[in-house]
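Participant: Need a 3D model of the following:
(chains A, B and C)
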Amino acid sequence: MSHHLLSVDSLSRDDVDHLMRVAARMEPIAQRRQVSRVLEGAVLGNLFFEASTRTRVSFNAAFCRLGGSVCDTTGFTFSSMAKGESLYDTSRVMSGYCDAIVMRHPELGSVAEFAAATHVPVINGGDGPGEHPSQALLDFYTIDKEFSRLGKGLAGAHVLMTGDLKYGRTVHSLIKLLSLYAPMRITLVAPPGLEMPGHLVDLVASRGHRIEQRDSLAQDYADVDVVYTTRIQKERFTAEMSEGFSLSRDFTVDRAFLDARCGRDTLVMHPLPRDSRPEANDLDVDLNGDPRLAIFRQTDNGIPVRMAIFATLLEVDDLIEQELRPVRWFVPPRVGVDDPAL
Amino acid sequence: MSHHLLSVDSLSRDDVDHLMRVAARMEPIAQRRQVSRVLEGAVLGNLFFEASTRTRVSFNAAFCRLGGSVCDTTGFTFSSMAKGESLYDTSRVMSGYCDAIVMRHPELGSVAEFAAATHVPVINGGDGPGEHPSQALLDFYTIDKEFSRLGKGLAGAHVLMTGDLKYGRTVHSLIKLLSLYAPMRITLVAPPGLEMPGHLVDLVASRGHRIEQRDSLAQDYADVDVVYTTRIQKERFTAEMSEGFSLSRDFTVDRAFLDARCGRDTLVMHPLPRDSRPEANDLDVDLNGDPRLAIFRQTDNGIPVRMAIFATLLEVDDLIEQELRPVRWFVPPRVGVDDPAL
Amino acid sequence: MSHHLLSVDSLSRDDVDHLMRVAARMEPIAQRRQVSRVLEGAVLGNLFFEASTRTRVSFNAAFCRLGGSVCDTTGFTFSSMAKGESLYDTSRVMSGYCDAIVMRHPELGSVAEFAAATHVPVINGGDGPGEHPSQALLDFYTIDKEFSRLGKGLAGAHVLMTGDLKYGRTVHSLIKLLSLYAPMRITLVAPPGLEMPGHLVDLVASRGHRIEQRDSLAQDYADVDVVYTTRIQKERFTAEMSEGFSLSRDFTVDRAFLDARCGRDTLVMHPLPRDSRPEANDLDVDLNGDPRLAIFRQTDNGIPVRMAIFATLLEVDDLIEQELRPVRWFVPPRVGVDDPAL
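Facilitator: The predicted structure follows:
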């Protein structure tokens, strides 16, 4: 595995397998049964040049759970870069302060440019329309873990992706990871104009998967194992596209769709944040509390997966079990029935 | 005690007694004679959707003093909530990352809504015009501790509250806490239009306290033990109200008032921040260095009280003494004569 | 040594010697061969009322490397001071929360005013046009360390300072530190109107150094050991000044200048951030990768120097060696040939 994590493209199947195994070993810590201090003394530079509370806190908490310390930077105006400092300089300077760097930046390729200037492990926390590999890894981990719980395997699984498949970077990265594994069936449902880019469809097909594209959710999806939904932003609809649709509501996943079209164990996933305002036509809140809704298990899984990324890049993954001690504070049960796994 | 701390209303006298006892046991750590690591491995989500350096740093430092790590979030624009994420979703997501959450939010009831979606302990750090229970607890702790130093008890104490008693949430919460204890005398001094809400006056009276309302500080307060002052904001004065007053200066507590009207041991308290610009007519700076001015002992007390809240909610309060080791760095004496207690 | 670090003026030669010795002892930790936890339990208040990612993260990381925890505050709007709180009040409040305070503030003298209200050690992280003593100390440490590597001593060294010598606070502080040591030769090269203030020139001369002022880089500097360059901001040029210059490009240090005018071992330093936009005429990027470019060794040195400042002010400098244990995570080699020292 490369010493940076910039894109899922650089991950072999062995790399993904390794990260998944390490993440599973992180569960006792992530679920707060055990405490680890293996990274005590290490410092993470958590550089968010674009707002993202969820991703930032997730990386921060994951590093802390391994015993490390975190220096957060949020926003552009608080940065030397506002004074004309190059990514090269910022990277070289931060490398002298930190043992690992997570960076989110609005510009495509910026994180790779930053990483090229340093040997300190750099993790892409999202570079605009580019990559967000830790999200794809936690999505993949979630599918794998949920399938285990349900007694299923990845071979022959049927994954439906819907919504904005053109601009949604998370579905691009996830489909690449899935394509590394045993033959699956992948169904893509998007309105015309927002379809999955052709080169990704070709890639998946070339690896022996059965891939199908549709333009409507109003069909039978009874054998679908996972519905991965992303929000369609109204502004992406052009005049022509809108004619055949009551705007993007046609691509909204809700309880009615799940009950009418899908199976009893169909999982619903979403990269979050979910826009809960009704006019957003995002994943419906009427599924809250339904065990099929896996979105909060997804974000939970961000902790063990990001811990696995840090532990692997910093080469402490073999030391984890030597360090554990029991948690002594109160850890409450989860709220609600939407968490059958814990 | 509830597993959240959202309002002083949910606190019984036993709860308050317990927190005060635990806070007293935290003093050796808060005063930096001892180090505790009892929460090592735990992560606090310190979510400030409204600016408050003082309160945020106080919670942060208190959690660190117990050995935990803190993920800070400040401001609204850096939040998924700007993208339409509901408090429900934010709460569920953060619960997967953190072991306890402090939240400040400008909207009344928002913190309770957030807390309803999680079993992870949530502490209200202020929800607009609503509650700020840790402030009331540190105010109460301060009165109790100062009275001990002065050889007084709470029974029969005389507490004067002045300033904006209508909108000041800290005086509302403090009066509720005081009312749980041995009969006291409480005098409320506010300009017409900014009086303490009637239901609070009635509550205090119904619990057997002697409560009195006045509209001027220009009287004798020689037997008052505590003057709790809050700033009156000019914009709260209407045309009619202002006629009889030289604006809010009539309600400013300063050295002249204390010397002329009060006793030798009368304590002056304030929730801070204090607006030190002369035109603000806030608590006067001419009391700086006077031992009667207890405002910095108040903020100091925020550390042991917030440690007590964390330790109680996370159920490590019985473990504190097992973990202590001596501080080895230089701890300077306090500045000035305004700190007779240390 | 004073219990604050507000200005290089308060440092005797013994103080500087001591800090340099402690910084050298911090190298194994700063270079991540060893882990120290000597400040475990201590809390740093890192108050940046003006943006500075680099300085803020450097102080933060240095405190973490000693085992402490950090509470960051960035920006003015997130501060009680926006509500009229005085520096006196902020200082007294923060002293109750923190064991040491780093403060950057846009106003001259503000940090000293803040420090006067507390006995908790306060470090000036830059007060507008005033002081930034930790920068001067890391610059001095860099010169000393690089000279050792090159087999040179400070006695008789030739230091050239160029660029904006009038407004650049870093060169003011550095020249004061240098002047405490064995006689040197100091050459100042600035355009008319941006020369080093006369009182500093006089101070250096009065301490027995040979000081010379020029107005052009187009001369022979073959025996110069260090070129310390600072950016000239265009807006500082007046109409008259500009006549004789092709704007500030005449004072840009680049590879051509170094090859044509200087020696093989001449070091190039800069306080950073460097403005890499061509129109800025700052230190040229064509020196990137050249071992003479010491700017990233400078920022690296910020960690051991700031650790030394904290350890000295908090009086744990004698405990450092008792606490070390080996780093167990992966520490990569540095990038590029511009780091001959590691």
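Participant: Pairing partners for the one helix or strand residue A:101 maps to, with directions?
Facilitator: Residue A:101 is part of strand A:100-105, with elements assigned from DSSP states H and E. Strand A:100-105 has the following strand partners under DSSP bridges: strand A:43-48 (parallel), strand A:122-127 (parallel).
Participant: remind me which residues of chain A are low pLDDT?
Facilitator: Flagging of chain A using pLDDT under 70 yields the residue ranges A:76-82, A:235-248, A:335-342.
Participant: Report the residue ranges of every domain in it.
Facilitator: A:8-131+A:300-326, A:134-296 (automatic domain parsing).
Participant: Which stretch among these is buried most, on average?
Facilitator: With neighbours defined as mean count of other C-beta atoms under 10 Å in any protein chain shown, the domains of chain A peak in mean count at domain A:8-131+A:300-326, which reaches a mean of 21. Glycine gets a C-beta too; all of them are placed from N, C-alpha and C.
Participant: wait, doesn't residue A:292 sit right on residue A:263?
Facilitator: No. Contact between residue A:292 and residue A:263 fails when scored by C-beta atoms under 8 Å: they sit 9.2 Å apart.
Participant: Up against chain C, what does the stretch 201-342 of chain A have?
Facilitator: Counting by C-beta under 8 Å from any C-beta of the partner chain, the positions of the stretch 201-342 of chain A adjacent to chain C are A:313-316, A:319.
Participant: quick one: which of those sit in helices?
Facilitator: Where these overlap with helices, as defined by DSSP state H, the overlap consists of residue A:313.
Participant: Switch the residues of the stretch 201-342 of chain A next to chain C over to a markdown table; also include distance to residue C:73.
Facilitator: A markdown table is the format used below for those (distance: C-beta to C-beta, whole Å):
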| residue | distance to residue C:73 |
| --- | --- |
| A:313 | 30 |
| A:314 | 29 |
| A:315 | 34 |
| A:316 | 32 |
| A:319 | 35 |
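Participant: Show me where the stretch 201-342 of chain A has its strands.
Facilitator: With DSSP state E, counting those that start in this stretch applied, the stretch 201-342 of chain A shows strands at A:210-214, A:226-229, A:267-269, A:325-326, listed in chain order.
Participant: contacts for the strand holding residue A:101?
Facilitator: Among residues not part of strand A:100-105, those counted as contacts by C-beta atoms under 8 Å, 6 or more residues apart in numbering or on different chains are A:42, A:44-50, A:52, A:55-56, A:59, A:63, A:91, A:94-95, A:110-111, A:114, A:118, A:120-128, A:310, A:313-314.
Participant: hmm, 7 Å instead?
Facilitator: Counting contacts by C-beta atoms under 7 Å, 6 or more residues apart in numbering or on different chains, the residues outside strand A:100-105 that touch it are A:44-50, A:52, A:55, A:59, A:94, A:111, A:114, A:120-127, A:310, A:313-314.
Participant: which residues does the residue nearest to the spatial centre of chain A contact?
Facilitator: In chain A, the C-alpha nearest the mean C-alpha coordinate belongs to residue A:135, at 1.7 Å (C-alpha atoms, centre = their mean). Contacts for residue A:135 (C-beta under 7 Å, 6+ apart) come out as A:170, A:173, A:271.
Participant: Just say helix, strand or coil for it.
Facilitator: Residue A:135 falls in the helix class when you classify it by DSSP: H, G, I helix; E, B strand; the rest coil.
Participant: closest point of the stretch 1-150 of chain A to chain B, which residue?
Facilitator: With C-beta to the nearest C-beta as the measure, the residue in the stretch 1-150 of chain A that lies nearest chain B is residue A:35; the distance is 3.3 Å.
Participant: thinking again about what came up before, now distance to residue B:186 too, for the contacts of residue A:135, in CSV please.
Facilitator: Listed next are the contacts of residue A:135 as CSV, based on distance: C-beta to C-beta, whole Å:
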residue, distance to residue B:186
A:170, 58
A:173, 62
A:271, 54
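Participant: between those, which is closest to chain B?
Facilitator: Distance to chain B, by C-beta to the nearest C-beta, is smallest for residue A:271 among the contacts of residue A:135, at 11.4 Å.
Participant: measure the closest one to residue A:163 for me?
Facilitator: Taking C-beta to C-beta, to the nearest Å as the measure, residue A:271 falls 10 Å from residue A:163.
Participant: Between these two, which contacts overlap?
Facilitator: Residues within reach of residue A:271 and of residue A:163 at once, by C-beta under 7 Å, 6+ apart, are residue A:230.
Participant: can you map out the helices along the stretch 151-300 of chain A?
Facilitator: Listed in chain order, the helices of the stretch 151-300 of chain A (DSSP state H, counting those that start in this stretch) span A:169-178, A:198-206, A:239-243, A:255-261, A:295-313.
Participant: Make sure residue A:164 is actually in contact with residue A:228.
Facilitator: No. With contacts counted by C-beta atoms under 7 Å, residue A:164 stays clear of residue A:228, the gap being 11.8 Å.
Participant: Let me know the secondary structure of residue A:73.
Facilitator: Per three-state DSSP, the secondary structure class of residue A:73 is strand.
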